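S.K.: Take a look and give me a structure for this.
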Amino acid sequence: MIGLRFITSILSLSALASAFTTTSPRFGLLPASSSTQRCMSAVAEAPSDAATTAADKIRNIAVIAHVDHGKTTLVDALIRQSGVFRDDAQADEAGERVMDSEDQERERGITILSKNLAIQRDDVKINIMDTPGHADFGGEVERVLGMCEGVLLLVDSVEGPKPQTRFVLDKALKKGLKAVVVVNKIDRPAARPEYVVDMVFDLFVELGATDEQTDFRVVYASGLQGIAGEEPDKMAEDMGPLFDAIVDAVDPPAVDSVEPNALQALISNIDYDNFKGKMGIARITNGAIKAGQPIALARPDVAKKTGRLGDLFVFDNLGKRQVEQASAGEIIMFSGMDNVEIGDTLVTNEQNGANAAEPLTPIAIEQPTVRMTIGVNKSPLAGREGKFLTSRMIRDRLFKELDRNVALQVEETDSADRYEVSGRGQLHLTVLIESMRREGFELEIGPPSVIYKTNEETGKVEEPWESVEVRVPGDYSGAVVETLNLRKGELQDMGLEEGEGMTVVKYLVPTRGMLGLKSSLLSSTRGTAIIDSVFDSYRQRIPGEIQGRDKGSLLAFADGGATTFGIEGAQDRGKMFVKVGDDVYKNMIVGIHQRPNDLEVNVCKTKALNNMRAATKEMKTGVIAPVEMSLDACVEYLNADEILEVTPTLFRMAKNPEMFGKKGGKKK
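M.R.: Sure thing, here's the model as predicted:
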């Protein structure tokens, strides 16, 4: 009988782990398909008891860094060396970059969504939050830092601190968090750890860190090799020194009370489960909570939303484990409150909340700087592919995104079939558009534009500026400087980087000038430029227009299908976007003109059929392969009088019928 009960328990736990695995993973919830689902068996095997971990045996940390400095690879090494996987076979099945579980994350090679996991080091539970390194997803970082007592600041052993290192570190220091500095990629041949540590110290001082914060612990590591050490020339064979630094240097959660009436837990994220519905994620600051108890969601000066807690979970390895109760210091996920929102404080509602604690201050998120319009696809070729076509469907999807994406804003416009979406940057918005495209939406996208604001003290209009750093071979540094000067940039610094011989150019550039800059720089430097940018500040608006694209567009002369004969004649005028057989319509952009003005070309033209021998019969030209345009490239290409048509399989650009002829276009 004992053996039968044990087998039954294991089977029920496996079913539970499968039931709560969502297809939209956040905070460590891996997709319900592919090999990562099978790795959840390590979670299913964990015992599901009601015992809680004492606060002094918990460490809550966030991993922050500049993009491509190795955060996710380092977290992978920590996972593999903490016993999450049963054996090497299961670890190999999980693959590399386990935490980057979204398709777009793996394709783009960046972290987009913050995710959570929990690992055990001896008797200490370490809750680790993997955060995005790109400034466009800074809202994810700001939200996560409220659940931490410390951060792992990763810095490349060659590149040192970068613009986005400064951005994420500034957020952490302002919250009073202590940092463990990890000099990653120490195995690179050009590594210069002493120089990098000095640069990090200077950055701490420049950002106004306290004496306690500047006295940071330094660990040298190689996430790829899975090794770490206290000295760059004395590396251990595993990540043990980093684990020890986390336990020793990061303080346990500060708890004032564990009494149930003292319950305070700030909601920092929202997830959705197909069976449980909307679920809140929070760290318990004070008090304790039990499954099924009366609770309320409170905000300062706002009426409480009351209800009863459903199921209660804590994070365990790569997934979550159901528990009956949890106390201060733990990071929890709970169901039962469909009206939960990010920024709410979870408090007790026992005795109608007579002895409930006060709500915590909601999360402060920086305002967006770039906006675009998203609406119904109204092109002549609309409705051929998508499943979701109407304005109601688009509206519901955009406002649903606001539940999770706190840095995003959606507003109605004068048009009933178009919505204004604002975000931290162009990448922030294109990731949303790409997600909707893959879900089956057809959309019409307007060109990106910056968000101006009026200074209340001076009454002057201000615009956002960005700090830009470009690393490029010395031969192309002149082209970079020329391009940034044309974009009204201000040179801040320029010099030769030690080790790899790259020239580093630092500028302050208006966000208006950043729109379309990446493709321009890559063209002028033959793809060798490495561009990093981060929001700097709002400054007085520069009068006049900023030069954007310096070439016009080739426009389709008529509706129809592109032919070999038509493309052969048009490709002499510039580079083509369409291939033989593609459907086109009048004023659709079919290529880049080699001159600044727009030009209509007839790509649907067919060769006349007669019995006369043409003088050019023996001349073989052939069709040149078209330029492949991604979503990001299309958005960067758009001028103010152009729009982008997005379908599940195609991107088409065209002149905006409402603006055609007003700016740079040919009048009808």
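S.K.: Could I get the contacting residues of residue 248?
M.R.: residue 217 (C-beta atoms under 8 Å, 6 or more residues apart in numbering). In short, each C-beta sits where N, CA and C put it, glycine included.
S.K.: where's it, which helix or strand?
M.R.: Remark: residue 248 resides in helix 240-249, with elements defined by DSSP states H and E.
S.K.: Distance from whichever helix or strand comes after that helix to the middle of the chain?
M.R.: Heading C-terminal from helix 240-249, the first helix or strand you meet, by DSSP H and E, is strand 264-273. Taking the mean of its C-alpha atoms, strand 264-273 sits 19 Å from the chain's own mean (C-alpha atoms, centre = their mean, to the nearest Å).
S.K.: How about stretch 554-565?
M.R.: So, by C-alpha atoms, centre = their mean, the centroid of stretch 554-565 is 38 Å from its chain's centroid.
S.K.: What average pLDDT does it get?
M.R.: Stretch 554-565 carries an average pLDDT of 91.
S.K.: how about it: buried residues?
M.R.: 554-557, 560, 562-565 (16 or more other C-beta atoms under 10 Å).
S.K.: before we move on, what about stretch 595-602?
M.R.: Buried, per 16+ other C-beta under 10 Å, within stretch 595-602: 598-599, 601-602.
S.K.: next one: stretch 311-324
M.R.: 311-323.
S.K.: Tell me which of these fall in strands.
M.R.: Members of the buried residues of stretch 311-324 lying in strands (criterion: DSSP state E): 312-316, 319-323.
S.K.: Can you list the low-confidence ranges for the stretch 101-250 of the chain?
M.R.: 101-102, 105-106, 109, 133 (pLDDT under 70).
S.K.: how about the helix or strand harbouring residue 212: buried residues?
M.R.: Element membership for residue 212 (DSSP H and E) is helix 211-214. Within helix 211-214, the residues that count as buried by 16+ other C-beta under 10 Å are residue 213.
S.K.: Equivalent analysis for stretch 470-477, please.
M.R.: Within stretch 470-477, the residues that count as buried by 16+ other C-beta under 10 Å are 470-472, 476-477.
S.K.: residues making contact with it?
M.R.: Under the criterion C-beta under 8 Å, 6+ apart, residues 480, 484, 494, 496-497, 501-507, 521, 524-526, 528-532 lie in contact with stretch 470-477.
S.K.: Can you name the residues bridging to residue 575?
M.R.: residue 592 (DSSP bridges).
S.K.: That one against residue 591, yeah?
M.R.: Yes: with contact defined as C-beta atoms under 8 Å, residue 575 reaches residue 591; the gap is 5.6 Å.
S.K.: The two: which is more packed in?
M.R.: residue 591 (24 against 15; other C-beta atoms under 10 Å).
S.K.: Helix, strand or coil: sort out the nearest residue to that one once chain neighbours are set aside for me.
M.R.: Computed as C-beta to C-beta, 6 or more residues apart in numbering, the closest residue to residue 591 that is not its neighbour in sequence is residue 554, at 3.7 Å. Following DSSP: H, G, I helix; E, B strand; the rest coil, residue 554 is assigned to strand.
S.K.: how much space is there between residue 305 and residue 121?
M.R.: Note on residue 305: its distance to residue 121, by C-beta to C-beta, to the nearest Å, is 38 Å.
S.K.: next one: residue 642
M.R.: Residue 642 sits 54 Å away from residue 121, going by C-beta to C-beta.
S.K.: How about residue 264?
M.R.: Using C-beta to C-beta, we find residue 264 at a distance of 27 Å from residue 121.
S.K.: For residue 463, state which of the buried residues of stretch 554-565 is nearest.
M.R.: Minimum distance to residue 463 across the buried residues of stretch 554-565 is 31.0 Å, recorded for residue 555 (C-beta to C-beta).
S.K.: Flag every buried residue along stretch 510-520.
M.R.: Buried residues in stretch 510-520, counted by 16+ other C-beta under 10 Å: 510-518, 520.
S.K.: And the helix or strand containing residue 372, how far out from the chain middle?
M.R.: Element membership of residue 372 [criterion: DSSP H and E] is strand 370-376. Remark: strand 370-376 is offset 18 Å from the chain centroid, using C-alpha atoms, centre = their mean.
S.K.: give me the low-pLDDT residue ranges for the chain?
M.R.: Where the chain drops to pLDDT under 70, the residues are 1-53, 83-102, 105-106, 109, 133, 499-500, 610-621, 660-668.
S.K.: List the beta-bridge partners for the residue nearest to residue 591.
M.R.: Beta-bridge pairing of residue 554, defined through DSSP bridges, involves residue 591, residue 599.
S.K.: Likewise for residue 279?
M.R.: residue 271.
S.K.: hang on, it packs against residue 338?
M.R.: No: if you go by C-beta under 8 Å, residue 279 and residue 338 don't touch, sitting 9.6 Å apart.
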